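Trainee: can you look at this prediction? I've put the sequence above it.
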Amino acid sequence: MALSSHRFDFVSFGLAIRFESRNARILERAIETARRSLLGDLQPSNRPAEHVFVFGKNNEHGYFFEHNGELITHHEIARGVFKYFDSYLRVRIGEHCPDRVFVHAGVVGINGRALLIPGNSFSGKSTLVLELVKRGATYFSDEFAILDERGFVHPYARPINMRTDDGRYRPYNVDVSTDKAASSPMPVGAVLFTKYAENARFRPRILTPAEGMMTLTPFTLPIRINSAYSIRVMQRVMENALIIRSKRTHAPRFAEIFLQYLTKVL
């Protein structure tokens, strides 16, 4: 591709990133998307870029973006490209962040300690997180547990991404008020591995740290790229947390039961 005439260099979560485009409006839309995606954590930088994203529009692809020279996606409508970019950017940063471990998980704080609920999309973690927040938990994230080397989890309080329950699963966002959102890191007190099953009873099984690590690994973004660091952080989390596995019933009822359980065991 021809050299872009507009660029924006920044650092986010320790990664040096550059956006380029020959179209100033397209570049600005990329920057706006990144600001929402990364909660404004875009610090101006003169460091050599580790990840270069090029955005544009042409007759062959319509709107598109590339990552380090590879075409990632294209669409005739800009919204389609930037919706995908929003998710793609977060995942790439989660994979390559040098001093944090990103885990696919919902996170809330309860009595000064964090509860991690690992799960992929459509696993119901956002619904459960919202119900726990309604009952007094502090909101950290419905998407990623961002862990540091101490095993503390950091806030990533984007709006909670919900889907309608009418069979069409249309997405919509729920904003969490500032007074219910976490503002500082918190040690992990419990990790809950759970799946929905209609009319399921809460029957907790306590896992060993080794079992917890094995179960958490598939949800850990940098496990292949930064394995040693990821394992070290996961070990620290699992050694200091109560690790629970149980099926769950509908989120409102389960949230009530589980909070009662945690107040007794933590």
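Mentor: Sure, I can see it. Numbering: from 1, shown residues only.
Trainee: for residue 126, phi and psi?
Mentor: Summarising the backbone geometry of residue 126 under the convention degrees, to the nearest 10, its torsions are phi -60, psi -40.
Trainee: quick one: it and residue 144 touch, right?
Mentor: No - Residue 126 lies out of contact with residue 144 (C-beta atoms under 8 Å); the separation is 11.9 Å. (Glycine included, C-beta is placed from N, CA and C.)
Trainee: out of the two, which sits in the busier spot?
Mentor: Between residue 126 and residue 144, residue 144 has the larger neighbour count (other C-beta atoms under 10 Å), namely 25 against 22.
Trainee: which stretches of the stretch 151-266 of the chain have low pLDDT?
Mentor: Under the criterion of pLDDT under 70, the regions of the stretch 151-266 of the chain flagged as low confidence span 166-169.
Trainee: name the helix or strand for residue 246, please.
Mentor: Secondary structure assignment for residue 246, by DSSP states H and E: strand 242-248.
Trainee: again, but for residue 161
Mentor: Assessed by DSSP H and E, residue 161 sits inside strand 160-163.
Trainee: repeat that for residue 188.
Mentor: Counting by DSSP H and E, residue 188 is part of strand 186-196.
Trainee: residue 55: neighbour count?
Mentor: Look at residue 55: counted by other C-beta under 10 Å, it has 26 neighbours.
Trainee: check contacts around it.
Mentor: Residue 55 sits next to 19, 20, 21, 23, 26, 27, 29, 30, 63, 64, 65, 81 when contact means C-beta atoms under 8 Å, 6 or more residues apart in numbering.
Trainee: swap in 10 Å and give it another go.
Mentor: 4, 6, 19-23, 26-31, 33, 63-66, 78, 81-82, 85 (C-beta atoms under 10 Å, 6 or more residues apart in numbering).
Trainee: hey, what's in contact with both of residue 126 and residue 144?
Mentor: Joint contacts of residue 126 and residue 144 (C-beta under 10 Å, 6+ apart) are residue 106.
Trainee: ok, the residue nearest in space to the middle of the chain - contacts?
Mentor: With distances taken as C-alpha atoms, centre = their mean, the residue of the chain nearest its centroid is residue 144 (2.6 Å). Residue 144 sits next to 90-91, 93-94, 100-107, 153-154, 156, 158, 219, 221 when contact means C-beta under 10 Å, 6+ apart.
Trainee: buried subset of the residues you listed, written for ChimeraX?
Mentor: To isolate in ChimeraX the members of the contacts of residue 144 that are buried, counting by 16 or more other C-beta atoms under 10 Å, one can use:
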select :90,93,94,100,101,102,103,104,105,106,107,153,154,156,158,219,221
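Trainee: the helix or strand that contains residue 117 versus strand 242-248: what angle between them?
Mentor: Here residue 117 is covered by strand 113-118, with elements defined by DSSP H and E. Angle of strand 113-118 versus strand 242-248, following axes from the mean of the first three to the mean of the last three C-alpha atoms, to 10 degrees, is 50 degrees.
Trainee: put the alpha carbons of strand 113-118 into CSV.
Mentor: Extracted as CSV, the C-alpha positions of strand 113-118 are listed here (Å, rounded to 0.1, in the frame of the first residue of the first chain):
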residue,chain,number,x,y,z
ARG,A,113,-11.7,-9.0,47.0
ALA,A,114,-12.3,-9.8,43.3
LEU,A,115,-14.4,-12.6,41.9
LEU,A,116,-13.4,-13.9,38.5
ILE,A,117,-16.0,-15.6,36.3
PRO,A,118,-14.1,-17.0,33.2
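Trainee: and for the chain, the residue most distant from the center?
Mentor: residue 59 (34.5 Å).
Trainee: next, it: phi, psi?
Mentor: Summarising the backbone geometry of residue 59 under the convention degrees, to the nearest 10, its torsions are phi -70, psi -30.
Trainee: same question, residue 133
Mentor: Main-chain torsions, residue 133, degrees, to the nearest 10: phi -60, psi -40.
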